[in-house]
Structures are given as C-alpha cells and as structure tokens.
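**Student:** Give the three-dimensional model of this entry:
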Amino acid sequence: MRDSVAHGVVASDQNVVLTQSRELRTSSLMRGEDDLIKVVAVDTVQTRRPERRIPDLDVLLRRLGNPGRYEVCIFFLLTLCYIIVAANNLGIIFMAREPSEYLCQDALPLAQNIILDVNTTEWYVVEVLGGPLLNLTDRQQCTVTFDLPPTYYDQLYMCKNWSFPQADAGSEPKTIITSYGLVCQERHRIDIATTIYFLGLMIGAPLFGYLSDYYGRRVVILISLSAAVILGVGTSFALSYSAFVALRFFLGLALQGTQVCFVLLVEWLPVNKRSLYGVLSQWIWAASVMFLALLGFIFPNWNDLQLAISLIALLLVMAYFFFVKESIRWLILENRIDDASDSINRVLRTNHKASEMNWEMQHELVSIASYMQGQLPDEKPAYTLLDCFRPTGLRRTSICMMYIWFSCGIGYYGLFFATAPLVDNLAINVFINGLLELVPCLISLIVVPQYGRKQPMVIWSFLGGFSCILSCLVRGSEPSMDAGRTALIIIGRMALSGSFCCFLIWTAELYPTVLRGNGIGVCMFALRLGGVLAPQLLSLAFVTFQEFPIILMGIIALGGVVAAYPLAETMNMNLPDTVAEAENFGSKPVRDTRRQRRLPHHGSISTLDGGSVRMSQISQGTGT
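**Tutor:** Numbers count the residues shown, from 1 in each chain. Alright, predicted model coming up:
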C-alpha cells in the first residue's frame, strides 16, 4: 500500500513538472524562439535531478550468484592449493625424521692410512669423543680416536659414510637423512635445505605478484602449479643432496605463485561474501595441515611423500584449466570486454541463471567497463612492485602491512619450532597442531563479519605477543610449570594464526586491482622473510639467555598492533580498482566516493522516475 501511494505521488509530481513544461512551451511560442530557450533553461534548472547510479561491478557479481554454484566451486578449488603449499612448507618435518641408528661405513685403513696391528688383526679404540670406550660397530658415533700401533699415537677420525640398518631393512622410513647421510657434522645441511627453500618462496612472492598484475591471475596460477609439479617430481628422484637443494629452491620459487589464488578468489566474490569466504579459506589451511599428517602416515618414505604431493598438484592444474576463469575485474581494466563477457556467460550457465547475458547485463557490463577505464590514466603504466611504495597512501599501507606479515611469520614459525611435541607419534602431533589452528579460525569466522578486519587483528596480535612474554615469566622445573609454558606458547601461536585470518583478506581489499598482485607479493615476501629468520632467532638463546627469543617474538607481535593503527577498515567496502581510489581509501570509503560522483548528463533533464528528457525533444514538442 505504501509503495503504491509513493508511486502515485511520484507520478503526480512528474505530471506536474511535465505539464508545466508544456504550458511554458506553448506560451513561449508566441514570444519567439529566444524566449523559448530562456524558458527551457529555467525549467531545466528548477527540475529536480536525482543522482544517477555509478556502474558498480560488485552489483553485477551479486547478480551472477551471490554466491552461486560457480563461486562455491572456485572457492574450494582455489583454496585447495593450500594442500600443496602446506605439504611442501611443512613436509620437511616428515622428510627429515631422525633415524634410530646409524653406523660408520668408511674404509678406515684406506681413508686415514692407518696401519693394522698384525698381531691381532684388529683395530683398537682408545676413546670415543663424548662416550665410553667403544668399537666401530657401536651406534650413532660421529668421531673416534684410534691408538695406532706400533707408535700408539692417537689419531682423530670423523666418519663420512654411513649405513642405516633399520631404514635399509624397511623397518624405518627412508628420509633425506638416510638418503644423503645428514648426520653428525652434516646435520646442519637439513637447516640449510629448509632455508634455501624459503629463499625460493621469498623471491617468488614479488615475482609472481608482478606477473599476475601484468599477464593475469589465471595464467600465472597455471604456470606456477605446472612448474611445481615438474620440480616436485624431479625432487623425489634427486640422487644427491646438491640436486635436492637446488630443486627445492626452484620448487619454492614456483610454488609461491599460488598466492595469486587468493587474489583471484577475492576478485570473484561479491562484497557481502568476502568476510565469510576469506576466513573460511584459513579453515582449508588448517585442514591442509591435518591432511599432511595423513599423507605422512600413508607415505612414510620421503620420496614417496614428495611424489604424492606432486600428483595432487597435477590434479589441481587440470581442474584449474577447465573450471577456473580469469578475473572479470582484471579483464575489464585490461579492456578485454569480450573475454569478460565469455567469463560471465560461463558463470551464468554454471549457476543455471541463463545461457548468456541479456541486453540489460550487456549494457551494464559496457557501462562498468567505460567507467573503470575512465578512472585510469590516459596512458596506462606498467605497474611494478615499486609502485606499491610511490604514492603516499599505498606506501603507508605497504610498510605497515609488510611489518604485520613479517611479525606473524617470524612469530608463527618461531613458536612452531619452539613448541615441545605434544605426543611422541609425529603424524598425530602434526594432526593435533592442525586441529588447534581451527580454533582461531572459528572465532574469526564469528567476529570478522561483524567487527571488520582491523579490530580482531589488533586483538589477536596483542594476545599473541602478550602470551609469548607471559610464558617467559613462568619459571620453575616442575611438570606443571613446563605444561603452563607450553600452553602459553601454543596460545600465542594460535593467536597469530587468528591474526592471519584477518589481515590476509584485509590486505587484498586495501590494494587496488591494478596493484593487488604486487601488493600481496611484497607482503608475502615479508612473511617468508620471517620464516627464514625464525630459526636464527631461536639460536640467540645460546648467546643471550633461554627466554630471549620468545620475549623478542612477543615484542615484535605487539608492534603489529601499532602498525595496524594508520590503516583503514575495509569491511563492506567495494574493492578499489585504481591507484587513485586506493589513495582515497583511508579518508573516504570507496562506496561513498563512487556514489558522490556524477556522470555527465549530456544536456538531458532527469525525471523523477530515473529517466531523462533531452532538451532537443522539449524544443521540438516530442518530450513526454
């Protein structure tokens, strides 16, 4: 009833306006054409002109599904890449399991030119460093000192070749330790392999961020995963430690291109669903950690595990090739309207909306493309990661976000390495750690859609830093004290995981479409830098005091609270597409900025129902 009355009032007002226009036009015909122009001009000024709606891509995305079958499918497809990332990042836990025993297999007389005692035809061990008097068949000895007849001078020998009886017999899994002899003085090579892998991730983060902004999201994801499949298979057949490390470096470099999956997911989701699906994506990460525990249990040998991970990546490549379409937002900014239309038609068919776009949607797409292209500079520059630091607003965003990501990376991995095993079984221990990651994700799923990204992220970072510092104040050698310290460290790591649930989607929403890949790339670089420095930070306990690394991690995490202060909240805001929109993000919300803009009316008079009457029609007597 209320709608019909309102419609009647609008129609009545419109008839009054048009009737007045006709009366003025009729009376003016007797006074000449000059007076007609004056009357029409006065009528145009006095007529109320409502605000015209700015073309909005988020409105079009909601019309496609909000979300539909296609959006749900690509959510699971694009987040399943976390299985590959988690398995390769944390898989070294299974690949470098410690063997129960190892034996020196060097030909000692040939290696050291030691003379055999001709009387007893035996070697006599005088001392084994760090242990009692033993012979060469004893387990897990790195160095031995021989009494050499006939002079009986002591000679120190460090073993270089080893055998692993349990692994060779099949009673223990084969690891990179047993394959490459990484024991005793070679044990540090395990950490070197991990560090070099993370260096590959660091280099790949800005590289693939730039490529995704230049060549598109979909093609970069396909190339990245395809390269990861090839390098992963090659790693599983590596015959030497040097080949293993080299292949792992390039595997990390290629695998970091999967960061673009989240960028593509954010650009496909409408504004009212980004909070929900952004947090749910971190559930997939936690589930991926638990899935890694299952893979480690099914494939105990390191090369079988690496091969299984690569085959799963191959399945994802095929799924992405056939089902994932390019970002409409990126296509429009690249002026590839036909490709954007094909993507929309594919989504409509998948969601059972229609076989193809109708005239209204085609017109809306053209309007959106015209508007978005009009916001770009006349000569579109080739954006690089350096453009994330040139404008004042983006420079502030990049510096603050890089610190937040760095603090989370160094804290998360540092606390992960510092946490004592909860149970003896490695697979169960990894599964429990993944299960604990679901708790902050569940809390974030509730609070992020209601309170935004900034406030929950600040609370998570404060809780993480405070837990780290508090754990160092719990002193004592009693079992209850040890359990309390471990519990606080786990709470700190869970809090940093909850922080990641918030600032991942926050970062993607702060950067414009033309720089979103580069922005995520520089932040991922900071995250991987934290992962590289975390083991080195823990080693400071040997030169300072035992609690120093944990205290420093807590202080760094609390710094993330300060770094978040200058950044704008992005909840329920349209994604910025251009650098200018991102620069104004902190002062005016993007949605308000777009509504306040005016499109040119080309000399038309807007009527109360949203239509328009051109001045030429009024002067010719054809306006209705």
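
**Student:** hang on, residue 162 packs against residue 103?
**Tutor:** Yes - the pair formed by residue 162 and residue 103 meets the contact definition of CB atoms under 8 Å, at 6.5 Å. In this view, the C-beta of every residue, glycine as well, is placed from N, C-alpha and C.

**Student:** which regions of the stretch 1-150 of the chain sit below the pLDDT cut-off?
**Tutor:** 1-55, 105-150 (pLDDT under 70).

**Student:** err, the stretch 351-500 of the chain, not the other one
**Tutor:** Ranges of the stretch 351-500 of the chain meeting pLDDT under 70: 355-357, 375-380, 476.

**Student:** Kindly recompute the last result at 90.
**Tutor:** For the stretch 351-500 of the chain, the stretches with pLDDT under 90 are 351-388, 390-393, 412-426, 433-434, 437, 445, 449-450, 471-487.

**Student:** Do a quick rundown of the helices in it.
**Tutor:** Ranges of helices within the stretch 351-500 of the chain are 359-374, 392-418, 426-451, 454-473, 479-510, based on DSSP state H, counting those that start in this stretch.

**Student:** So which elements touch the third one?
**Tutor:** Which is helix 426-451. With contacts defined as 3 or more CB pairs under 8 Å, 6 or more residues apart in numbering; DSSP states H and E, helix 426-451 has these neighbours: helix 92-95, helix 274-298, helix 454-473, helix 479-510.

**Student:** what is the orientation angle of it with helix 454-473?
**Tutor:** 140 degrees (axes from the mean of the first three to the mean of the last three CA atoms, to 10 degrees).

**Student:** buried residues in helix 426-451?
**Tutor:** 426-427, 429-434, 436-438, 440-441, 443-445, 447-449 (16 or more other CB atoms under 10 Å).

**Student:** for this protein, which residue is closest to the average position?
**Tutor:** Computing the C-alpha centroid of the chain and ranking residues by CA atoms, centre = their mean puts residue 259 first, at 4.8 Å.

**Student:** where's that one relative to residue 431, distance?
**Tutor:** Noted for residue 259: a distance of 26 Å to residue 431, by CB to CB, to the nearest Å.

**Student:** got it, and residue 415?
**Tutor:** 18 Å.

**Student:** swap in residue 383?
**Tutor:** Where residue 431 is concerned, residue 383 sits at a distance of 42 Å (CB to CB).

**Student:** same deal with residue 367?
**Tutor:** In terms of CB to CB, residue 367 sits 51 Å off from residue 431.

**Student:** again, but for residue 330
**Tutor:** From residue 330 to residue 431 the distance is 38 Å (CB to CB).

**Student:** wait, what's in contact with residue 552?
**Tutor:** 537, 540 (CB atoms under 8 Å, 6 or more residues apart in numbering).

**Student:** Where does it fall, secondary structure wise?
**Tutor:** Assessed by DSSP states H and E, residue 552 sits inside helix 548-564.

**Student:** Return the distance of that helix from the chain's centre.
**Tutor:** 21 Å (CA atoms, centre = their mean, to the nearest Å).

**Student:** ok, and for it, which residues are buried?
**Tutor:** Counting neighbours by 16+ other CB under 10 Å, helix 548-564 gives 548-554, 556-561, 563-564 as buried.

**Student:** ditto for stretch 330-340
**Tutor:** By 16+ other CB under 10 Å, the buried positions in stretch 330-340 come out as 330, 331, 332, 333, 334, 336, 337, 339, 340.

**Student:** for the stretch 101-250 of the chain, what spans make up the strands?
**Tutor:** 103-104, 125-128, 143-148, 153-158, 162-163 (DSSP state E, counting those that start in this stretch).

**Student:** Rebuild the helices and strands packed on helix 426-451 as JSON lines, extending it with mean neighbour count.
**Tutor:** Shown next, in JSON lines, are the helices and strands packed on helix 426-451 (neighbours: other CB atoms under 10 Å):
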{"stretch": "helix 92-95", "mean neighbour count": "21"}
{"stretch": "helix 274-298", "mean neighbour count": "21"}
{"stretch": "helix 454-473", "mean neighbour count": "21"}
{"stretch": "helix 479-510", "mean neighbour count": "22"}
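
**Student:** Could you dump those helices into CSV with distance to residue 85 added?
**Tutor:** Shown next, in CSV, are these (distance: least, CB to CB, whole Å):
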stretch, distance to residue 85
helix 92-95, 13
helix 274-298, 7
helix 454-473, 21
helix 479-510, 13
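
**Student:** Which one of these lies nearest to residue 212?
**Tutor:** helix 479-510 (12.1 Å; CB to CB).

**Student:** Compute the first-to-last residue distance for stretch 327-337.
**Tutor:** From its first residue to its last, stretch 327-337 covers 12 Å (CA to CA, to the nearest Å).

**Student:** Averaged pLDDT, that stretch. What do you get?
**Tutor:** Averaging pLDDT along stretch 327-337 gives 87.

**Student:** circling back: the more surrounded of residue 162 and residue 103?
**Tutor:** The neighbour comparison of residue 162 against residue 103 (other CB atoms under 10 Å) goes to residue 162, with 22 against 16.

**Student:** distance of residue 68 from residue 280?
**Tutor:** 16 Å.

**Student:** Return the backbone torsion pair for residue 453.
**Tutor:** Per-residue torsions, residue 453: phi -100, psi -40 (degrees, to the nearest 10).
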